[in-house]
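Asker: Got a predicted structure plus its sequence, pasted below:
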Amino acid sequence: MAKSGVSGYAAISARVRAMSSSLLSAQDFARLSDSTDLPTLVSQLKQTPYGPYLENLKEKDFTPQKLDLAIKGRLGDSYRSVTQMAPEHARSLLKQLYRYFEIQNLKAILRGITTDPTWERVQDVLFPMGKMTVLPAQAMLESGSVGAAIELLQHTPYYETLSFAMKRYSAEQNLFPLEVALDLAYWRQLWQEAKKLPGQDGVQASKIIGSLMDVNNLMWVIRYKVYHGLSEEEIINYTLPFGYRVRDEDVRAVAAGADLSMVVGRVFPGIPDLNTLLENPRQGLPQLEVILKRRLMQQCLAAFIGNPFHIGVPIAFLILSDLEVQDLTILVEAKSSGMPAEEFRSYMLRSVEA
Amino acid sequence: MLFPREMSEIELIVPSKDLLAVTKALSGYGVFHQTDSNYPGVASGSSNTWQETAGQYSALERRIQTVMQQLDIDEGRPPSKEFEAMVDMEKLRASVEQIEAEVRGTTDELSEQRKRLEQLETIVHQLEPVQDVDIDISSLRDSRYMFSMLGQMPTANLERMETSLARVPHVFLTLRADPARPVVWLAGTKSNSDVLERAARSAYLDPLSLPSDYQGTPGNIIKSLRNTIESTQRRIKELQDALGRLGLERRDQLRDLLWQTHTSRVLSDAIVRFGQLRHTYVVTGWVPTDSLDEFSRRLRQASKEILIENLPTSRTGHNSNVPVALTQSKILRPFQMLVNTYARPRYGELDPTLLIAFLFPLLYGAMFGDIGQGLVLLIFGLLINAGKIMKSMQSLGLLIAYCGASAAIFGVLYGSVFGFEGEHFEHAFGTELHPLWTSPLHNTLPVLGVAIDLGIVILLLAYLLAIFNQIRSREYGHLLFGHTGLMGFALYLSFLGLLGMAVQALRLPIIPQIAVFISNLPLPWGVLTLIFGLGIMFSEVLINLYEGHRPVIEAHGVGGFVMYLVQAFMDLFETLISQLSNTLSFVRVGAFAVAHGGVSMAIFALAGEEMGFKFWLTILLGNLFIIGFEGLIVGIQTMRLNYYEFLGKFFTGGGMRFEPLTITPAEEEG
């Protein structure tokens, strides 16, 4: 019988609480964003729980890619640690959540094959999955073609999805259909895993995973409409009909050409100056994404209040850790390119006082 | 035997002229675990030339393996110890290219034919649902007013595809509900063909691509496709036969080429990790101390001017960077395998293989005690081990045999032969069989009590071993205050005292005698449990204070100190729950012994009273069922008890595997 409630979550709940206390605070971020340059940022970061992951980096390795990779090492460890401690019945959901990074790696490998198939270059952008990956990354890259690389994925969860999309890749010579197919399959499976959980676990998982999906789904719809100029039927096929707040009718409304700010305002009430923000969607979209992610972050923090014995707390912690890494990536990029504080702060999810 | 083999750290200074001879000696003996010679003043990676050479040999090795795979040739046996150190790359390449050219034509055609066969079968699969429709396919395809598309698509996209066409008149049917690749038909007016096509494409509908020479009704096309499939299959068979013949001709040559390339690749890979000084190379690594003399002798034979420095390594303290070489013993190999599946011991840590070798068969036998069934398992295990049956399970053969022997011994204690006990035995064989100890079926509660006692002994042993390990690794903070240190041990003893008191006060029918004995000692168990419980609750603080780590309490972040207290309390709660559940977990040993007798009783009830053919057939089938099904379940339970209740208490693992440099794959311990 699946262990849930207090008996199933006593240990993991305590562990996650302990781990969440090592998430960076607002003061940490203020200090980091005040760093004058990249080496200072790195030396500041070494004073944080990210220190052990940066220890082996020499100064010549202070490139955004290498730093990003090292920082993500901690996120990978958090995922592995939390997944191992999770009750048996909830583990497949966490593993699926973690698979997001494997999908990103898979996309990076495919892009590598079509652009610059040097292992040293591609290796630097792959998320450190450790042993929790089914991708024969180097062999795929060295296979020389997208088709041959996908053939190496037989007996993995990705083969069936990619074999359908491969027909389109062959005809169009564009990775877009492959990437969309991977994304859709990933999120559908994640949603199924969340829905499979019983009781409080199911409710909490659907809430947090659904909110995460909302951000992605809404961004997809708007991007397909605004940037790619796709037709209504294509947008519907490339998006998901479920989520926590975003409903199928919202997706279809945007696909059919409804006013963006009206739909977004209905789904996420209370966003200030939404009309101005989306007046020019191409400019407003990145800022809208930041706003939605900030809301997601608030929702994850709220999961820590109240009954702690459910899967929502570990999921919330993992998402918060991921969002933290996203902020750190922005800081690293900003410091390496010498971007002024007022510019990069607007892209950060944590509000950092000037 | 109780610890991994003692290791010595080695540093060699090798003159450039002896580089190949020394590398050959290093890989030939198979006891040298190489590490990167990367420290200031020494260029790591030796030189780009060696890196390139290693890469070229590696690529060539892959090419040979591919050809061997195509010709269905295995690698064969590794060469003798006297191998050629480094074979000329160009010579090897020329031979490989010649064989590749011979194979290529046939394999290319074979792959083409296979692809074609797959396509044809896919088309048949798509057409089968409409094979009875009496319409010319081309009339659908080339219709003037109607858009029509037959094909396959991912099941997950079916619903979304319907939704995407909600505003366009259309017909969308699933002709074959294949769970992975349903066959669908989409139709609509020609005027909407753009929308329909876009929807189909974005839903990944893969349309049927019928070659133009196939015309007529679906039934006719399927018939003609099946003819083509047959001829393609014949052609594939011819090509496979041709490859088989070629494989026989080239087998020995390819195996030689593979091992020559492999050897050269291994040597160049090793050299890449040497450090290079001006006229010498620096080589570092580990060697089991008992092989050191022979190892040095061989190196001196290869190079008279070599400098060898060795540093014996202490077994105590943290030695996470020392590779762990486990003692190879054929008798203990199955238990080594069980331990390695859990984790590899760290250097200096107690290797629990011997303990598991005692405990695993003991628990298995106690749960599956029967002389006849045990002997069957013993013979079965020996046959598997000898490779006579079920070769894929050969590594488990000895384990099954040991468990069978233990089950037979417990069968004597329980007085059971193929389920025949007491009256049944006397009725069937005309003689009496008395258990040497007791029949679990007839003395259920005492057996359960003894099982818990056995568990208590095992858990106490596990705590003592954990304390022993902590003393050796000098983790004094954890030794004094850790969950598996003295504090944890004291808490467990106090907990047993309380358990014994509860058993007596509540007059429970199952009596763990050891717990009762402890509770009768004149000590205030309640107070002690509280004191040691608080010690465990604040063990992190105590460890930090003792070891001088600051801050003493990690209480920053969300919740601060209150959250720390909650976490500490949950920690204590979990420890107590674990101690109770771990102890009671051993009830299953007695419960399975009882259940074993119960299942036998059920089989006798099915067999009936009359001892005819039906009786003996039922007994035979019943015993087969018990050996196969219950034997497996008991095996899983035994593994669980060993892993979680025993090893989990004291065995950390995480040691680095000893991987000696060798041209043949290193033999895995267990």
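Answerer: Arrived safely, thanks for sending.
Asker: measure B:Arg298 to B:Pro15 for me?
Answerer: According to C-beta to C-beta, to the nearest Å, B:Arg298 stands 16 Å off from B:Pro15. Any C-beta I mention is one placed from the backbone N, CA and C, and that applies to glycine too.
Asker: quick one: the helices in the stretch 251-400 of chain B?
Answerer: Taking DSSP state H, counting those that start in this stretch to define them, one finds helices in the stretch 251-400 of chain B at B:292-302, B:333-342, B:353-367, B:371-385, B:397-414.
Asker: Please compute how far the shortest one lies from its chain's middle.
Answerer: Read it as helix B:333-342. 10 Å (C-alpha atoms, centre = their mean, to the nearest Å).
Asker: List the buried residues in it.
Answerer: Within helix B:333-342, the residues that count as buried by 16 or more other C-beta atoms under 10 Å in any protein chain shown are B:333-340, B:342.
Asker: per-domain residue ranges of chain B.
Answerer: B:135-216, B:443-585 (automatic domain parsing).
Asker: any residue of the shortest one up close to chain A?
Answerer: Pointing back at domain B:135-216 there. Yes - judged by C-beta under 8 Å from any C-beta of the partner chain, domain B:135-216 comes into contact with chain A at B:152-154, B:156-157, B:159-161, B:163-168, B:180, B:195, B:198-199, B:201-204, B:206.
Asker: List buried residues within the residues you listed.
Answerer: Using 16+ other C-beta under 10 Å, the buried ones in the residues of domain B:135-216 next to chain A are B:152-154, B:156-157, B:160-161, B:163-165, B:195, B:198-199, B:201-204, B:206.
Asker: Take these and keep only those in strands.
Answerer: In strands, judged by DSSP state E, the following of those are found: B:152, B:206.
Asker: how near is the closest residue to chain B within chain A to A:Ile12?
Answerer: For chain A and chain B, the shortest gap (C-beta to the nearest C-beta) falls at A:Ser21, measuring 3.1 Å. According to C-beta to C-beta, A:Ser21 and A:Ile12 sit 15 Å apart.
Asker: Of the two, give the one with the bigger neighbour count.
Answerer: Counted by other C-beta atoms under 10 Å in any protein chain shown, A:Ser21 and A:Ile12 do not tie: A:Ile12 has more neighbours, with 23 against 19.
Asker: And for the closest residue to chain A within the stretch 301-450 of chain B, the neighbour number?
Answerer: Proximity of the stretch 301-450 of chain B to chain A (C-beta to the nearest C-beta) peaks at B:Ala343, 13.2 Å away. B:Ala343 has 16 neighbouring residues, counting by other C-beta under 10 Å.
Asker: Name the nearest residue to it, sequence neighbours excluded.
Answerer: The shortest distance from B:Ala343 to any non-neighbouring residue, by C-beta to C-beta, 6 or more residues apart in numbering or on different chains, is to B:Gly653 (2.3 Å).
Asker: so which strand or helix has the one you found?
Answerer: Under DSSP states H and E, no helix or strand contains B:Gly653.
Asker: Same check on the one 10 residues further on?
Answerer: Using DSSP H and E, B:Ile663 falls within no helix or strand.
Asker: In terms of pLDDT, where does it sit?
Answerer: On pLDDT, B:Ile663 comes in at 78.
Asker: Could you do A:Ser43 as well?
Answerer: Listed pLDDT for A:Ser43 reads 90.
Asker: ok, then the element right after whichever helix or strand it is part of?
Answerer: Assigned by DSSP H and E, A:Ser43 belongs to helix A:38-45. Next in sequence after helix A:38-45, counting helices and strands by DSSP H and E, comes helix A:51-54.
Asker: Wait, a helix at B:Glu432?
Answerer: No - the assignment for B:Glu432, made by DSSP: H, G, I helix; E, B strand; the rest coil, is coil rather than a helix.
Asker: and the residue nearest to it when sequence neighbours are not counted, how far is that from B:Val417?
Answerer: Sequence neighbours aside, B:Glu426 is the residue nearest to B:Glu432 in space, at 5.4 Å (criterion: C-beta to C-beta, 6+ apart). Distance of B:Glu426 to B:Val417, computed by C-beta to C-beta: 12 Å.
Asker: quick one: stretch B:182-196 to chain centroid distance?
Answerer: On C-alpha atoms, centre = their mean, the centre of stretch B:182-196 falls 49 Å from that of its chain.
Asker: what does the stretch 1-150 of chain A put close to chain B?
Answerer: Selection of the stretch 1-150 of chain A residues close to chain B by C-beta under 8 Å from any C-beta yields A:7, A:10-11, A:13-14, A:17-18, A:20-23, A:25.
Asker: Helix, strand or coil: sort out B:Phe147 for me.
Answerer: Three-state call for B:Phe147 (three-state DSSP): strand.
Asker: Kindly tell me how buried it is, as a neighbour count.
Answerer: By other C-beta under 10 Å, the residues close to B:Phe147 number 20.
Asker: Over to the one 4 residues further on?
Answerer: Residues near B:Gly151, counting by other C-beta under 10 Å, number 20.
Asker: which residues are in contact with the helix or strand bottoming out on mean pLDDT in chain B?
Answerer: Here the helix or strand of chain B ranked lowest by mean pLDDT, DSSP states H and E is helix B:137-141, holding a mean of 75. Contacting residues not belonging to helix B:137-141 are listed as B:146, B:148, B:150, B:210, B:214-218, B:221 [C-beta atoms under 8 Å, 6 or more residues apart in numbering or on different chains].
Asker: Which ChimeraX command selects the buried ones in these?
Answerer: ChimeraX command restricting the contacts of helix B:137-141 to the buried ones, with burial defined by 16+ other C-beta under 10 Å:
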select /B:148,150,210,214,217,218,221
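Asker: of all the contacts of helix B:137-141, which two lie farthest apart?
Answerer: B:Met146 and B:Tyr214 (20.5 Å; C-beta to C-beta).
Asker: hang on, the earlier thing: just the buried residues of the least confident helix or strand of chain B, please?
Answerer: Burial within helix B:137-141, assessed by neighbour count using 16+ other C-beta under 10 Å, is assigned to B:137, B:140.
Asker: low-scoring stretches of chain A, by residue?
Answerer: Chain A contains residues with pLDDT under 70 at A:1-7, A:353-354.
Asker: Run a quick neighbour tally on A:Pro177.
Answerer: Using other C-beta under 10 Å, A:Pro177 has 21 neighbouring residues.
Asker: Setting aside sequence neighbours, what's the nearest residue to it?
Answerer: The spatial neighbour of A:Pro177 that comes closest, neighbours along the chain excluded (C-beta to C-beta, 6+ apart), is A:Arg168 at 4.0 Å.
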